[in-house]
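Undergrad: Pasting the sequence and the predicted coordinates here, then a few questions.
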Amino acid sequence: MGTAIGVGIGVGIGSSSSWKSYWKTQAEVLFFGEISKITDGKLYNQKTGSIDYLTVGGSVGSYTFQCPQTDAYKNADSDELWFKYSTKVLRTVTEAELVGYDFTRTIVKYDNTSPYAIRHIVILSENVDTARMRNDFDLSIWWSNILSLYGNIKGNRGVGKSTWTPDNIVDADGNIYTLLVIGAQTWLLENLKTTKYNDGSPIPTGLSDANWALEDGSAGHDGAFSYPNNSSANKAIYGLLYNFSAVVNAKGMAPVGCHIATDADYQTLQTYLGGSGVASGKMKEAGTTHWTTPNTGATNESGFTALPAGRRTQVGAYSLFGTYGMYWESTNYNATNAYRRYMVNTDDNLATDYTLKLNGFLVRCLLD
């Protein structure tokens with residue numbers, strides 16, 4: 001079963017019966033119930049009939065709902081996601097809590113005016129049809145085996161994010177990233193490797209040296225990527241080399257719920273690890289499987305696992321593979337330059353400077 005972060009709650013009234021018919025027949029929906037059909041203290045699952053129901057207490061405006069304890073729900077609920085907000089798991093939840101909080105895998109559709117009466121409850125088990133979800137619930141979500149981010153209720157009544165931390169994050173290509181906590185920050189363990197912006201449009205690649213040098217952020221030249229050392233086989237291990245125009249493209253390429261590391265983010269990490277003089281040793285992958293000897297000071301005690309993917313220069317040439325690990329910061333310097341952090345195989349110093357935006361470097365993200 002996939003993992004979720006901050007699934008939003010439902011939206012306003014006025015929907016037709018077509019979406020009801022659709023959702024109550026979908027395999028990814030475990031439970032579908034209309035509040036108007038509560039009978040004898042039970043909200044029946046309209047997918048299955050009388051054999052499955054939420055137990056309901058109270059009256060209109062002050063209902064309580066108890067999640068079913070049947071094997072189907074227990075099996076699907078192995079990671080305790082039903083009726084959950086913040087760090088608290090609620091097997092029994094009040095109407096006010098359903099309306100007021102952000103629940104994972106529980107979609108609540110209700111009126112968009114006070115007192116926000118609940119109309120439908122949908123409990124999801126796994127994959128959802130994102131287009132239908134957006135149309136029917138007005139949720140801004142992304143799906144690639146992981147339900148993520150959150151939605152807004154019509155009338156701009158926002159629901160916010162859950163404070164529950166996901167096990168992993170997915171980019172627009174469907175690549176899964178593992179979370180790594182270092183101090184007060186939560187980084188993605190892998191370097192970014194998406195070939196698409198978050199709207200699904202491709203990031204240009206396969207550019208000749210001459211065309212790579214044209215990607216200066218101007219109209220029609222607003223981002224590109226290349227494979228480390230000009231080999232697609234390196235993507236799985238190293239990630240991709242992006243120019244700065246791709247890093248700051250308004251379409252976005254950081255996974256939803258994340259951002260590309262800024263200068264301030266790297267400064268926080270550097271300080272936590274003991275300063276620039278020792279930080280890269282604690283960030284570099286240990287050994288010489290990927291780093292060229294001697295890989296000085298590399299312990300990777302932070303778990304960051306920095307890799308030496310080298311660069312693609314402003315004129316399109318590939319260099320420094322195996323000896324330099326260079327990461328863009330999303331922090332601009334001037335019209336032609338931006339900041340980077342880098343480390344080398346011959347010392348354990350984490351260096352920073354600014355360089356031409358036409359260069360292709362690695363990118364690392366962290367949670368917002």
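TA: That came in fine, so what should we check first?
Undergrad: Walking through the stretch 201-350 of the chain, point out its strands one by one.
TA: 225-226, 241-242, 258-260, 311-312, 318-319, 324-332, 337-344 (DSSP state E, counting those that start in this stretch).
Undergrad: of those, which approaches Ala279 most closely?
TA: strand 337-344 (8.3 Å; C-beta to C-beta). (Each C-beta comes from the backbone N, C-alpha and C, glycine too.)
Undergrad: Not counting that closest one itself, show me its contacts.
TA: For strand 337-344, contacts defined as C-beta atoms under 8 Å, 6 or more residues apart in numbering pick out 244, 247, 263, 266, 280, 283-284, 306, 323-329, 331-333, 349-357, 359, 361.
Undergrad: And for stretch 262-276?
TA: 182-185, 187, 279, 282-283, 302, 304, 327, 329-331, 339, 341, 349-352, 366.
Undergrad: In ChimeraX, select just the buried ones from the residues you listed.
TA: Per 16 or more other C-beta atoms under 10 Å, the buried members of the contacts of stretch 262-276 correspond to this ChimeraX selection:
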select :182,187,279,282,283,302,304,327,329,330,331,339,341,349,350,352,366
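Undergrad: mean confidence for the helix ranked longest in the chain?
TA: Scanning the chain for the longest helix, with DSSP state H as the assignment, gives helix 263-272. Taken as a whole, helix 263-272 has a mean pLDDT of 96.
Undergrad: Same question for stretch 349-358.
TA: For stretch 349-358, the per-residue pLDDT averages 96.
Undergrad: End to end on it, go ahead and measure it.
TA: 25 Å (C-alpha to C-alpha, to the nearest Å).
Undergrad: Could you do stretch 37-44 as well?
TA: The straight-line separation of the ends of stretch 37-44 (C-alpha to C-alpha) is 7 Å.
Undergrad: List the contacts of it.
TA: Taking C-beta under 8 Å, 6+ apart as the rule, stretch 37-44 contacts 33, 35, 46, 50, 52-57, 63, 65, 121.
Undergrad: one more time with 7 Å, if that's ok
TA: With contact meaning C-beta atoms under 7 Å, 6 or more residues apart in numbering, stretch 37-44 is reached by Gly33, Ile35, Ser50, Tyr53, Leu54, Thr55, Val56, Gly57, Phe65, Ile121.
Undergrad: Thought Asn300 was touching Ile182, still the case?
TA: No. Ile182 lies out of contact with Asn300 (C-beta atoms under 7 Å); the separation is 11.4 Å.
Undergrad: tally of neighbours for the closest residue to Asp222 other than its chain neighbours?
TA: Excluding its sequence neighbours, the residue lying closest to Asp222 (C-beta to C-beta, 6 or more residues apart in numbering) is Ser245, at 5.0 Å. By the measure other C-beta atoms under 10 Å, the count of residues near Ser245 is 20.
Undergrad: Same check on Ser231?
TA: Ser231: 12 surrounding residues under other C-beta under 10 Å.
Undergrad: Let me know the distance separating it from Thr271.
TA: Using C-beta to C-beta, to the nearest Å, we find Ser231 at a distance of 35 Å from Thr271.
Undergrad: Same question for Pro204.
TA: Using C-beta to C-beta, we find Pro204 at a distance of 36 Å from Thr271.
Undergrad: So those two - more neighbours on which side?
TA: Pro204 (20 against 12).
Undergrad: contacting residues for the closest residue in space to that one that isn't next to it in sequence?
TA: Spatially, and ignoring its direct neighbours in sequence, Pro204 is nearest to Ala224 (4.5 Å; C-beta to C-beta, 6+ apart). Residues in contact with Ala224 (C-beta under 7 Å, 6+ apart) are Ile203, Pro204, Thr205, Leu207, Trp212, Glu215, Asn243, Ala246.
Undergrad: For the third one, report the pLDDT, please.
TA: Put plainly, it is Thr205. Reading off the confidence values, Thr205 has pLDDT 96.
Undergrad: list the contacts for it?
TA: Thr205 neighbours (C-beta under 7 Å, 6+ apart): Thr195, Ala224, Phe225, Ser226.
Undergrad: before we move on, what about the last one?
TA: For Ala246, the contacting residues are Ile203, Gly223, Ala224, Phe225, Met253, taking C-beta under 7 Å, 6+ apart as the criterion.
Undergrad: Report the two of those residues separated the most.
TA: By the measure C-beta to C-beta, Ala224 and Met253 form the most distant pair in those, at 11.7 Å.
Undergrad: Name the residues contacting each of those two.
TA: Ile203, Ala246.
Undergrad: on that earlier part again, please tabulate the strands of the stretch 201-350 of the chain in JSON lines, including the columns mean pLDDT and distance to Thr293.
TA: Listed next are the strands of the stretch 201-350 of the chain as JSON lines, based on pLDDT from 0 to 100; distance: least, C-beta to C-beta, whole Å:
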{"stretch": "strand 225-226", "mean pLDDT": "97", "distance to Thr293": "26"}
{"stretch": "strand 241-242", "mean pLDDT": "98", "distance to Thr293": "23"}
{"stretch": "strand 258-260", "mean pLDDT": "92", "distance to Thr293": "31"}
{"stretch": "strand 311-312", "mean pLDDT": "98", "distance to Thr293": "20"}
{"stretch": "strand 318-319", "mean pLDDT": "97", "distance to Thr293": "18"}
{"stretch": "strand 324-332", "mean pLDDT": "97", "distance to Thr293": "14"}
{"stretch": "strand 337-344", "mean pLDDT": "97", "distance to Thr293": "12"}
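Undergrad: Turn those into a markdown table, columns for distance to Gly41.
TA: Below are the strands of the stretch 201-350 of the chain laid out as a markdown table (distance: least, C-beta to C-beta, whole Å):
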| stretch | distance to Gly41 |
| --- | --- |
| strand 225-226 | 57 |
| strand 241-242 | 57 |
| strand 258-260 | 43 |
| strand 311-312 | 66 |
| strand 318-319 | 69 |
| strand 324-332 | 54 |
| strand 337-344 | 60 |
